[in-house]
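Enquirer: based on what follows, work out the 3D shape:
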Amino acid sequence: MFGPGVPATLSLLPDTFTFAWLVAILFAVAWLLDSRGLAAGRSLAAGTWALFGLFWLSTVPYFAFEHQSYVESILALVGVPACMYAGYLLYNGRASLFTLTRAIAIMLFIYLPFETIPAFTIGGMAFPEPRRILIEAVATQTGMLIDLLGYAPERVASSEGYNAAYLWTLDDGHTYRIDIVLACTGLGSMAIFGGLVAAVEAPLRRKVRGLAVSVTLIYVLNILRTTFISVAAGNQYMQWYPDLVLLMFGASDPYRVSFLISDRIMSQLLAVVALVGITFLVVRELPELVVILEDVLYLLTGEEHDLTEALDLPREPTNR
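Expert: Model prediction:
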């Protein structure tokens, strides 16, 4: 969560984000071809799913060795065969996967501009990177909540040069800096729901409500998460079994123990639970999402699931 974004040098391909843009564009082209009834759309989408699997494979070294995240490493590894299988199923006639294909394309088009668009100037006016605006906004709101809890760390420049870090001074005089980076903003989760909601066919009013529910909950929970991790790590509140934790994560700095426990273990596991809960709330408002969820479950389990019945959803969604 706190640290640099996924660097291109860690990709198995020359440039991670160029690769991601390629996947997004190819998915979009496949979507367009399929909407016009051209068989090439299915073939292109299937091949792009295979590329998407390679993309997740390329991120594993970063998640495992630099980001030190078991949760994200496992998810990335699971994503490799899942994407390959999705391409195979789509090519062999599982047309419902085109909805998930559209969703992935939209997710990437939402997320990637924040990772790749640099600062720019229009008419003599300078504009900062979109990522900087979002990161510093989250840092400000996190700092406000930290202040309300009675703590007063110093706000300093982050490793990216943004006004988005907090410097904590411990009782022994040691200082520990907590950086807020793009992964701390909840953008990834918001992009997921943005893609899911935009990809399905449903009345605009219900789509807006579903998006409002998901984005609002994600943003609020994310500010609580960044505050929790900042306070726990900044004050070294979770120095539990330090030797074991450092061994688990291949780390050596004892001052990182509270961070690793609060972020890499507790927050990331709770984030998965929160996303499942938010998905349940959104699908109550937007039952059309069931087709995507059932496809994802099929990719993971190899079995068909009737979520409409399991979640007691209406068979015929309303047009309201």
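Enquirer: restricting to C-alpha, output the helix or strand Leu51 falls within in CSV.
Expert: Assigned by DSSP states H and E, Leu51 falls within helix 40-61. This file holds the C-alpha atoms of helix 40-61, laid out as CSV (Å, rounded to 0.1, in the frame of the first residue of the first chain):
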residue,chain,number,x,y,z
ALA,A,40,-12.6,-11.5,-35.3
GLY,A,41,-13.7,-9.9,-32.1
ARG,A,42,-13.9,-13.2,-30.3
SER,A,43,-10.5,-14.3,-31.5
LEU,A,44,-8.9,-11.0,-30.6
ALA,A,45,-10.5,-11.0,-27.1
ALA,A,46,-9.4,-14.6,-26.5
GLY,A,47,-5.8,-13.7,-27.4
THR,A,48,-5.8,-10.6,-25.3
TRP,A,49,-7.0,-12.5,-22.3
ALA,A,50,-3.8,-14.6,-22.7
LEU,A,51,-1.8,-11.4,-22.8
PHE,A,52,-3.6,-10.2,-19.7
GLY,A,53,-2.5,-13.4,-18.0
LEU,A,54,1.1,-12.6,-18.9
PHE,A,55,0.7,-9.1,-17.5
TRP,A,56,-0.3,-10.5,-14.1
LEU,A,57,2.7,-12.9,-14.3
SER,A,58,4.9,-9.9,-14.9
THR,A,59,3.7,-8.2,-11.7
VAL,A,60,4.5,-11.2,-9.4
PRO,A,61,8.1,-10.2,-8.7
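Enquirer: pLDDT on that helix, on average?
Expert: Looking at helix 40-61 alone, the average pLDDT works out to 94.
Enquirer: how about stretch 235-246?
Expert: For stretch 235-246, mean pLDDT is 96.
Enquirer: that one spans what distance, first to last residue?
Expert: End-to-end distance for stretch 235-246, by Cα to Cα, to the nearest Å: 18 Å.
Enquirer: three-state assignment of the closest residue to Ala152 other than its chain neighbours?
Expert: The spatial neighbour of Ala152 that comes closest, neighbours along the chain excluded (Cβ to Cβ, 6 or more residues apart in numbering), is Ile146 at 7.9 Å. Backbone N, C-alpha and C define where each C-beta goes, glycine included. Secondary structure, DSSP: H, G, I helix; E, B strand; the rest coil: Ile146 is helix.
Enquirer: hmm, Thr227 and Ile146 touching each other?
Expert: Yes: look at Ile146 against Thr227 with Cβ atoms under 8 Å: they come within range, at 5.8 Å.
Enquirer: can I assume Arg264 is in contact with Phe63?
Expert: No: Arg264 is beyond contact range of Phe63, at 10.5 Å (criterion: Cβ under 8 Å).
Enquirer: overlap in contacts of these two?
Expert: Shared contacts of Arg264 and Phe63 (Cβ atoms under 8 Å, 6 or more residues apart in numbering): Ser69.
Enquirer: burial check on the residue nearest to Ala152, number of neighbours?
Expert: Ile146 has 21 neighbours, counted by other Cβ atoms under 10 Å.
Enquirer: now do the same contact list for Val245.
Expert: Counted by Cβ under 8 Å, 6+ apart, Val245 has contacts 251, 257, 260-261.
Enquirer: check the offset of the helix or strand where it lies from the chain's centre.
Expert: Val245 is part of helix 242-249, with elements assigned from DSSP H and E. Helix 242-249 sits 26 Å away from the centroid of its parent chain (Cα atoms, centre = their mean, to the nearest Å).
Enquirer: may I see the buried residues of the following helix or strand past it?
Expert: Using DSSP H and E, the helix or strand that follows helix 242-249 towards the C-terminus is helix 257-259. Under the neighbour-count criterion of 16 or more other Cβ atoms under 10 Å, helix 257-259 has 257-259 buried.
Enquirer: then stretch 89-100?
Expert: When burial is assessed from 16+ other Cβ under 10 Å, stretch 89-100 yields the following buried residues: 89-91, 97-100.
Enquirer: the strands in this protein, which residues?
Expert: 120-122, 125-127, 154-156, 165-169, 175-179 (DSSP state E).
Enquirer: contacts for the last one, please.
Expert: Same thing as strand 175-179. In contact with strand 175-179 (Cβ under 8 Å, 6+ apart) are residues 2-3, 153, 156, 158-160, 164-170, 229-230, 233-234, 236, 255, 259.
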